[in-house]
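Participant: no FASTA, just this:
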């Protein structure tokens, strides 16, 4: 990075200046540091500096038992803890070749999809905030609050759930959960229309985000984008469908895709994904089988020697876990392939030539969580 | 229907009594006149302070209810009415930080340069027929002249802070306010052509039959849009675009100086609404209720409209804002003037 910095400073043909955007800045969504080279309001070069939130998650994992690692996984991408738990448990189960009960699978899917909605609601709110529309965030959080209440009734926590277990889930659904969830879905579908009226179809908002920060199909693939960012560029790829895991193959849902690959497409793919998630949850609630919620698993988990890669569709994209076991009680090595970290890499290429106001629009549309970028 | 007597009735009675006493004491009329104006000015100043405190509270409450929240509820028991007072005290007690490399003098003066003109605007606003500090012949022109000075302060603040975000904010606002001043003045030109006077009371009196917002709808809309831009409120709050420029030109300001920027923002908002009321909504005129009540009602209606804009619209991008100003608003304003001129020609 130092070389890049010096090479940037050498070119002083025009009156250019440097702007440190972050690490403390209202719209870098955490502690991201963007060093922008500006020509007036236009960005001519950018260095993305990450790592302010580094906690050594992968190293920490090597010193923890598998159960404790689930609790740790809550802290990667703290807006979608359920999905992190999901990936973690799937990896260990695949290593142990564990068959888990149907009911546990369904509960997991319900939780993962609810969390996807909650996570996209945060994007909806913060995107509005970044574009200067202040009301969206409170609407988004109002609905998220109800999901948080549902989670709280299930596992007692509202942010770091630690709900999944190797072999199933930690507790059965409480009384009234199914009715409450159905009620929420009915309520939420109405609200989705309200969001469209308030923000998505607002003329100024569209003007701000349409044709901004276009990721071409080639770029999206070459930069290994995943999740809504990839689908926004018009590539129909969703791990839930294309490399299905758990019981996702039993549900009927669409994969929304964009056409231009601009910020608007990435945003709107997420809005439509929330609707698809409600469809999945509804079906899962209908089909929810009775029975055990957790398979018989030994108290001390010692997966056999071997390595495994599991990938899941987290709200932000492909969350993969590469796990090596040496037969002990904790992983020998665990590599986390986080979606935010990979998606963020395209920023350096895309930001050049846009205005500072668009920097915010593009960054927000990629939807990163710094906790997972820096790990 | 006849209006109830307003505050001006009491005010004129008081003046009459005061003048009688003074003339019996043998004090020259010149001094009496000055004392009257000073007293009026002080009352006005108190009124402005209360208005601003109320406006900030109102902004919070309006925004809260639009966002399904309550807003301040605790301070002062009844719906948090004392919240802004508490905030002002907090601002007074804050440390006043001047950045080390700032241009200290300019940095200090900037908040005053923005605050004083925003107060001066009140000079010519007719709350009632005779409830006006000085009914100048130039009336409305004075208001625009003073509001033009605000740009200067924002550039000063942005430049002197020696902060890149502030500078960007300053540059942006210079571009924005200069380009929106033009449609702002042009939008009112139509009204002035009809009344043939810049005097505020003349403009109000000309609306005894029709409010100008009905005869000049295009002018009214252009005025509202460019006024929103003039007072830097969403969707035109680009100089202080929070998510891009942190806080724009006032990033480096703290304590009372920040308070001055804040105060002037809200006084400007009130002035802009008061001008809209005077020029387009018939000022103090209306049935039954006392004139001052009508004036405040209409003004707060416009204030509410501005708040409504702020809490529902996203922010425009800076270049689109310029496009909109120069390519749409100014031609439309000229068109409005042209139409008005044609009508006047036809009638005479």
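Facilitator: Received, thanks. Remember, it's a predicted structure, so these values are computed and weren't measured experimentally. Residues are numbered from 1 along each chain as shown, chains lettered A, B, ... in the order given.
Participant: where does pLDDT dip in chain B?
Facilitator: For chain B, the stretches flagged by pLDDT under 70 are B:1-6, B:8, B:238-244.
Participant: mind doing that once more with 50?
Facilitator: Counting by pLDDT under 50, chain B shows low-confidence ranges at B:1.
Participant: near chain A, which residues of it?
Facilitator: For chain B, the contact set with chain A under CB under 8 Å from any CB of the partner chain comprises B:63, B:66-69, B:164-165, B:168, B:172, B:234-235, B:237, B:241-246, B:310-320. (Each C-beta comes from the backbone N, C-alpha and C, glycine too.)
Participant: which SS state does the closest residue to chain B within chain A fall under?
Facilitator: Nearest to chain B in chain A, going by CB to the nearest CB, is residue A:132, at a distance of 2.8 Å. Look at residue A:132: counting by DSSP: H, G, I helix; E, B strand; the rest coil, its state is coil.
Participant: most centrally placed residue in chain A?
Facilitator: residue A:316 (2.8 Å; CA atoms, centre = their mean).
Participant: what do you get for chain B?
Facilitator: Nearest to chain B centroid, counting by CA atoms, centre = their mean: residue B:271, 2.2 Å.
Participant: so that residue versus residue B:170, what's the distance?
Facilitator: Using CB to CB, to the nearest Å, we find residue B:271 at a distance of 22 Å from residue B:170.
Participant: next SSE downstream of the one helix or strand residue B:186 maps to?
Facilitator: Assigned by DSSP states H and E, residue B:186 belongs to helix B:164-195. Tracing the chain C-terminally past helix B:164-195 and defining elements by DSSP H and E, one meets helix B:200-205 next.
Participant: and that next one, what does it pack against?
Facilitator: Taking 3 or more CB pairs under 8 Å, 6 or more residues apart in numbering or on different chains; DSSP states H and E as the contact definition, the neighbouring helices and strands of helix B:200-205 are helix B:139-160, helix B:164-195, helix B:255-280.
Participant: can you do 6 Å?
Facilitator: helix B:255-280 (3 or more CB pairs under 6 Å, 6 or more residues apart in numbering or on different chains; DSSP states H and E).
Participant: tell me which other helices or strands the helix it packs on touches.
Facilitator: helix B:29-66, helix B:83-93, helix B:104-120, helix B:200-205, helix B:291-312.
Participant: the last one to helix B:29-66, inter-axis angle?
Facilitator: Note on geometry: by axes from the mean of the first three to the mean of the last three CA atoms, to 10 degrees, helix B:291-312 and helix B:29-66 are set 40 degrees apart in direction.
Participant: and the next element down the chain from helix B:291-312?
Facilitator: The first helix or strand that comes after helix B:291-312 along the chain, using DSSP H and E, is helix B:318-323.
Participant: ok now that next one, how far from the chain's centre?
Facilitator: A distance of 23 Å separates the centroid of the chain from that of helix B:318-323, by CA atoms, centre = their mean, to the nearest Å.
Participant: ok, now which ones touch residue A:313?
Facilitator: When contacts are counted by CB atoms under 6 Å, 6 or more residues apart in numbering or on different chains, residue A:313 touches A:238, A:239, A:240.
Participant: 8 Å instead, please
Facilitator: Residue A:313 makes contacts with A:227, A:238, A:239, A:240, A:319, as judged by CB atoms under 8 Å, 6 or more residues apart in numbering or on different chains.
Participant: same check, this time on residue A:91
Facilitator: Contacts were defined as CB under 8 Å, 6+ apart; by that measure residue A:91 touches A:308, A:309, A:310, A:321, A:323.
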